[in-house]
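1. take this sequence and fold it.
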Amino acid sequence: MRRHSKEGREPVKARRRKTVTRKRQNAPKAGRRRSLASTHETELAQVIRERDEGLEQQRAISDILRVISNSPNDVQPVLDSVAEHTAPICEAQVVDIAIVNNEVFLIAASFGELGRLSCGESLPLDRSSVTGRSICDLQPVHVTDAQNAGDEFPLGRELAIKFGHRTMLSVPLIREGRALGAILVRRTEVRPFEEKHIALLKAFADQAAIAIENVRLFKAEQQRTRDLTESLEQQTATADVLKVISRSTFDLPKVLNTLLESAARLCEADKGQILRPSGGPDMPGRGSHAQPP
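-> Coordinates of the predicted model:
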């Protein structure tokens, strides 16, 4: 005879089986907890990785800005710094910074040991190369495999086979709607750059363009100051000569000596001479000479 529960509804054995069933239902919860913990660890690792990348980028930009502030009249240290910081952050073996010079562009700064154009060698500023196209189109150009680019980049494909690179990304240096050059990053394997690399390269390109423009403005201002100084010196010298002429109407040697001293000083010459025919009525001898003070 089977025992029943107090309620008289279920046998005891059935209640035991039901209890076992509940334990089995609780078992997957531990697996879910382990899965959630693993997911949290993955997310935490991703957050830490993004934090470290952000800090590295901030340090790089800070270093570049420091070099810009310390080199108001020389853009080369800035370009070298940009190339050096770009390579590790963008995970590229090679970085080249090209500068536009009339109808061509040439490499002004580089980082990495892969082959490249030699110093002073230039390429035509057209759309046949990756760098040339980014400059002409004023926008980034990303090529996954330059060695198999076909006829789209004939010169770029030729250079890729020659120097051994595959994936390329070129971002122009734009200032006031005009391309001053480009930053080119290259990889020896076929591995496209990520959007974060493109965004970072744009930020570095902006810094390089600002540095180039700042140096240009600085040199232009220096040239303007030199021109104004020279003009003032010339006006002062002319006034001095006219003053001597007005005071020495009958003393030609004094006038000529004053004129000669002023001319030698303005021309940054060690000595000067004014030659006249020998035996002139006003001044004997072959001429006058003066040495700047």
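2. so which residues of the stretch 101-250 of the chain form strands?
-> Along the stretch 101-250 of the chain, the segments classed as strands by DSSP state E, counting those that start in this stretch run 104-111, 122-124, 141-143, 167-175, 178-187.
3. which other helices and strands contact the last one?
-> In this case it means strand 178-187. helix 76-89, strand 94-101, strand 104-111, helix 130-137, strand 167-175, helix 195-247 (3 or more CB pairs under 8 Å, 6 or more residues apart in numbering; DSSP states H and E). For every residue, glycine as well, the C-beta is placed using N, CA and C.
4. run the last query once more with 10 Å
-> helix 76-89, strand 94-101, strand 104-111, helix 130-137, strand 141-143, helix 154-163, strand 167-175, helix 195-247 (3 or more CB pairs under 10 Å, 6 or more residues apart in numbering; DSSP states H and E).
5. looking at those, which is nearest to Leu266?
-> helix 195-247 (5.8 Å; CB to CB).
6. got the angle for that closest one vs strand 178-187?
-> 140 degrees (axes from the mean of the first three to the mean of the last three CA atoms, to 10 degrees).
7. buried set for the next helix or strand after helix 195-247?
-> Using DSSP states H and E, the next helix or strand after helix 195-247 towards the C-terminus is helix 252-266. Burial within helix 252-266, assessed by neighbour count using 16 or more other CB atoms under 10 Å, is assigned to Val255, Leu256, Asn257, Thr258, Leu259, Leu260, Glu261, Ser262, Ala263, Ala264.
8. what packs against helix 252-266?
-> Helix 252-266 packs on helix 195-247, strand 272-275, strand 287-290, going by 3+ CB pairs under 10 Å, 6+ apart.
9. wait, which of those is closest to Thr86?
-> Per CB to CB, nearest to Thr86 of these: helix 195-247, 5.6 Å.
10. what helices or strands is the closest one leaning on?
-> Using 3+ CB pairs under 10 Å, 6+ apart: helix 195-247 touches helix 12-70, helix 76-89, strand 94-101, strand 104-111, strand 167-175, strand 178-187, helix 252-266.
11. what mean pLDDT does it have?
-> For helix 195-247, mean pLDDT is 79.
12. quick check: can you list the domain ranges of this protein?
-> Following automatic domain parsing, one gets these domains for the chain: 56-213, 221-290.
13. out of those domains, which is the most enclosed?
-> Among the domains of the chain, domain 56-213 has the highest mean neighbour count (mean count of other CB atoms under 10 Å), at a mean of 18.
14. could you list the low-pLDDT ranges of the protein?
-> 1-58, 60-62, 119-120, 241, 244-251, 276, 278-293 (pLDDT under 70).
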